[in-house]
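In: Got a sequence here, can you build the structure:
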Amino acid sequence: MEQIKREISVMRIVKHPNIVRLYEVMATKSKIYFVMEYAKGGELFNKVAKGKLKEDVARKFFIQLMNAVDFCHSRNVYHRDIKPENLLLDENDNLKVSDFGLSALAESKRQDGLLHTTCGTPAYVAPEVIGQKGYDGAKADIWSCGVVLFVLLAGYLPFHDSNLMEMYRKIGSADFKCPSWFPPEVRRLIRKILDPNPSMRISIAKIKESSWFRKGLISDKQIMRKMENRDKGVVQSSSSSSSESSGIPNKSKAEHEKPPYLNAFDIISFSAGFDLSRLFEEFSPQREERFTSRQPASVILSKLHEIANCFRLKVMKKEMGLLKLEWTKEGRKGILGIDAEIFEITRSFHLIELKKASGDTMEYKKAIKDDIRPALEDIVWVWQGEQHPRPQ
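Out: Numbering: from 1, shown residues only. Next comes the predicted model:
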């Protein structure tokens, strides 16, 4: 159960276009259901099993892998089992990191600031993980990514032996040879990644600065923007002709001007009977407040702007139906930010979700209770958890 809790809590915070999405978790008395993004292209392993990939193709996958792993590390999440079998592909051949069953959060570190659980797949695991003296999860993930890069370009593993202890010896001393077809800049990069000394191992930031990596680079901000637009049902036209293009068709202007629409599955998933969040309170990085309103979206948006003016908050419009409210004064954990998102159920009936985007959780709860909820009273029909709607 602890492993399931950890995997769910991890996947709730690693929302990135190159990571398989967990859309919903539901349960019956005997089963837990993960509703996940469908990766139509299958495992990257199946491509590599047919032989080495072309350099440009391998670079594209490696860039997407680095972007995903870098994002995980920025959220203090360490995958710990990166290998081609856990890297899936969508219908456009874009990479999706999956299987966070062995992942660790920063809270898993001991007093020495290191992780101590030996896990992963032997051929891809970093030497310090085998050493059982504690390891930096980020450095260990980088090593595994280096092994993946080698496999993509070579078509075989850098460390392989029928005797497991001999393979561990090769890993510990970085005893491997690059094939003759590896370009010099790739050889240099892989040597820096597969450095058996984790303190000397290259960082993701330095990997992204390497000349070989930058040849096919697409900015992470551009990728994130595509992901956000896809998830909200709003697609912006892109001038990029990169191979990492999302391939999602443009929508009409009218659709851009409407908040996201909730289908029956979405509505059911908000039901308390299907909500497992209480099982994962200890891991949950965010808190949400939801209410319904019988006012049109334009009135709700006007009210949110009015509240922002009243409390002197910054308002940032991310897209139709999604606003970010930010306090100007810094709190205990930085600036408090709240995402306010409007979902259309019918033309005159909406669900609004308020979610902490940044800052301290206690300050967020206080702001919701003392300021936001009272100010919204005249447009609220019913708050989630309340039994009786307000007359309107």
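
In: Excluding chain neighbours, give the residue nearest to Ala39 in space.
Out: What sits nearest to Ala39 in space, not counting adjacent residues and going by CB to CB, 6 or more residues apart in numbering, is Leu88, at 3.5 Å. C-beta coordinates here come from the backbone N, C-alpha and C atoms, glycine included.

In: I'd guess that neighbour is in a helix, am I close?
Out: No. Leu88 sits outside any helix when classified using DSSP: H, G, I helix; E, B strand; the rest coil, being strand.

In: what number of residues lie near it?
Out: 23 (other CB atoms under 10 Å).

In: Any idea what it is bridged to?
Out: Beta-bridge partners for Leu88, by DSSP bridges, are Glu43, Lys96.

In: show me what contacts it?
Out: The contact partners of Leu88, by CB atoms under 8 Å, 6 or more residues apart in numbering, come to Val20, Ala39, Gly41, Gly42, Glu43, Leu44, Leu95, Lys96, Val97, Ser98.

In: Just the closest of the residues you listed to Arg201, please.
Out: Val97 (20.0 Å; CB to CB).

In: Against Gly337, how distant is the closest one?
Out: 27 Å (CB to CB, to the nearest Å).

In: what's the span of stretch 69-87 from first residue to last?
Out: 12 Å (CA to CA, to the nearest Å).

In: Quick one: mean pLDDT over it.
Out: In this model, stretch 69-87 has a mean pLDDT of 93.

In: How far off centre is it?
Out: In this view, stretch 69-87 has its centroid 10 Å away from the chain centroid, taken as CA atoms, centre = their mean, to the nearest Å.

In: which parts of that stretch are buried?
Out: 69-73, 76-87 (16 or more other CB atoms under 10 Å).

In: same question, stretch 150-169
Out: Quick answer for stretch 150-169 (16+ other CB under 10 Å): Phe150, Val151, Leu152, Leu153, Ala154, Pro158, Phe159, Met167, Tyr168.

In: List just the nearest of these to Thr117.
Out: Among the buried residues of stretch 150-169, and counting by CB to CB, the member closest to Thr117 is Tyr168, at 17.1 Å.

In: Excluding chain neighbours, what is closest to the closest one?
Out: Nearest non-adjacent residue to Tyr168, counting by CB to CB, 6+ apart: Ile130, 5.4 Å away.

In: you'd agree Val69 is in a helix?
Out: Yes. The assignment for Val69 (three-state DSSP) places it in a helix.

In: so it makes contact with Ser103?
Out: No. Using CB atoms under 8 Å as the test, Val69 is too far from Ser103 to be in contact (11.2 Å).

In: Overlap of the contact sets of these two?
Out: His79.

In: hmm, back to that, can you list which of the buried residues of stretch 150-169 are found in helices?
Out: Phe150, Val151, Leu152, Leu153, Ala154, Met167, Tyr168 (DSSP state H).

In: what's the closest of these to Thr328?
Out: Out of these, the member with the shortest distance to Thr328 (by CB to CB) is Leu152, at 47.3 Å.

In: so which strand or helix has the residue nearest to Tyr168?
Out: Counting by DSSP states H and E, the element that carries Ile130 is helix 127-131.

In: Give me the contacts around that helix.
Out: Taking contacts as CB under 8 Å, 6+ apart, the residues outside helix 127-131 that touch it are 118-120, 134-136, 139-140, 143, 168, 171-172, 174, 196, 198.

In: Could you rerun that using 6 Å?
Out: Helix 127-131 is contacted by residues Thr118, Tyr135, Ala140, Tyr168, Ile171, Gly172, Pro196, Pro198 when judged by CB atoms under 6 Å, 6 or more residues apart in numbering.

In: pLDDT, secondary structure and distance to Arg373 added to the residues you listed, as TSV?
Out: Converted to TSV, those look like this (pLDDT from 0 to 100; DSSP: H, G, I helix; E, B strand; the rest coil; distance: CB to CB, whole Å):
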residue	pLDDT	secondary structure	distance to Arg373
Thr118	79	coil	48
Tyr135	92	strand	46
Ala140	95	helix	44
Tyr168	92	helix	58
Ile171	95	helix	56
Gly172	94	helix	58
Pro196	95	coil	56
Pro198	95	coil	48
